[in-house]
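Undergrad: Give me coordinates for this.
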Amino acid sequence: MYLRWCRLLPRWVRIVPVELPGRGSRSGESLVRDFDSLVAQLCAEQAEALRGSFALFGHSMGALLAYGMARRLRSMGRALPLALLASGSSAPSQRDPARFADKTDDASLTADLRKQGGTPEEVFASAELMRITLDVLGADYRVCEGFRYAGEAPLPMPVHVFAGREDDIDAARIDAWSAEAGGVFTLDWFDGGHFFIRQQETAFLAALAQRLGQAIAGNRHASHALA
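TA: Below is the predicted model:
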């Protein structure tokens, strides 16, 4: 999906897709199940991209990882993103790690996968694809379960949030992202559920480009965005 965005976003936006260990072209690597370890690994692996003018974007667990990366970059005194853009995720202060505690077996993971929507029926019909999907989903939930909110000072950058009106995340949990913004905060709502970024892709990308542009002082543009 992020590779397709390269063709759909304005040319001044360069997408740098981030593939997590154990997925896609990195399927030969072990899945990482610890939040802090994964954030540290991503910051190290993407060190080159995390220089100059850049922004961080993440959807769902990716939003939490992007927040963790911004927080880690600040703690290490490294260059900070021009903006943090998060979609389909409760604010860090509103996440409930206990929500994932009972989702450890195939039956509970499969039920949650169907509840989220967005997974093709072909995946559910294939034992091989389901094995891969459930292993990745289980690792994702362990990452989310391991996140702990530290209540640190707001991030010194604009925070732009996107959400689906039919997602099962309470609006108050989405709006709480405002507490993480040391400067500008925006919240854009779209029709659709948890995967509204696919369902409303054209409108969403227009809003994403607009928020990226607004995050830049003067007439400068972010040279690239990590997603």
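Undergrad: Which helix runs longest in the chain?
TA: Ranked by residue count, the top helix of the chain under DSSP state H comes out as helix 127-145.
Undergrad: Quick check: buried residues in it?
TA: 130, 133-134, 136-145 (16 or more other C-beta atoms under 10 Å). For the C-beta atoms, the positions are set from N, CA and C on the backbone; glycine is no exception.
Undergrad: now stretch 118-128
TA: Buried-residue list, stretch 118-128, by 16+ other C-beta under 10 Å: T119.
Undergrad: Straight-line length of it, end to end?
TA: One end of stretch 118-128 sits 18 Å from the other (C-alpha to C-alpha, to the nearest Å).
Undergrad: can you check stretch 50-69 too?
TA: Taking C-alpha to C-alpha, the first and last residues of stretch 50-69 lie 10 Å apart.
Undergrad: Show me the shaky parts of this structure.
TA: Of all residues in the chain, those with pLDDT under 70 make up the ranges 217-227.
Undergrad: which residues sit in contact with the nearest residue to D96 once chain neighbours are set aside?
TA: In space, and not counting its chain neighbours, D96 is closest to S90: 7.9 Å by C-beta to C-beta, 6 or more residues apart in numbering. Contacts for S90 (C-beta atoms under 8 Å, 6 or more residues apart in numbering) come out as D96, I169, D170, R173, I174, A176.
Undergrad: hang on, the earlier thing: tell me what the longest helix of the chain is packed against?
TA: Here helix 127-145 touches helix 35-45, helix 61-75, helix 106-116, helix 121-125, going by 3 or more C-beta pairs under 8 Å, 6 or more residues apart in numbering; DSSP states H and E.
Undergrad: which strands and helices sit next to the longest one?
TA: It refers to helix 61-75. helix 35-45, strand 54-59, strand 84-87, helix 127-145.
Undergrad: swap the cut-off to 10 Å and go again
TA: Where contact means 3 or more C-beta pairs under 10 Å, 6 or more residues apart in numbering; DSSP states H and E, helix 61-75 is packed against helix 35-45, strand 54-59, strand 84-87, helix 127-145, strand 159-164, strand 224-226.
Undergrad: quick one, which of these is nearest to F195?
TA: For these, the distance to F195 is smallest for strand 159-164, at 7.6 Å, taking C-beta to C-beta.
Undergrad: who does that closest one pair up with?
TA: strand 84-87 (parallel), strand 185-190 (parallel) (DSSP bridges).
Undergrad: Packed most tightly, which of those would that be?
TA: Of all these, strand 84-87 carries the top mean neighbour count, a mean of 27, counting by mean count of other C-beta atoms under 10 Å.
Undergrad: just how off-centre is that strand within its chain?
TA: Remark: strand 84-87 is offset 7 Å from the chain centroid, using C-alpha atoms, centre = their mean, to the nearest Å.
Undergrad: Would you enumerate the residues in contact with S27?
TA: S27 makes contact with E19, P21, I132, V136 under the criterion C-beta atoms under 10 Å, 6 or more residues apart in numbering.
Undergrad: wait, what's in contact with the closest residue to F162 other than its chain neighbours?
TA: Distances taken as C-beta to C-beta, 6+ apart place S87 nearest to F162, at 3.8 Å, with adjacent residues excluded. When contacts are counted by C-beta under 10 Å, 6+ apart, S87 touches 57-60, 62-63, 66, 160-164, 167, 174, 188, 190, 194-197, 204, 207-208.
Undergrad: Next: F100.
TA: S108, D112, G138, D140, Y141, R142, V143, C144, E145, G146, F147.
Undergrad: And A179, by the same measure?
TA: A91, P92, S93, Q94, G151, P154, V159, F185.
Undergrad: Good, wrapping up.
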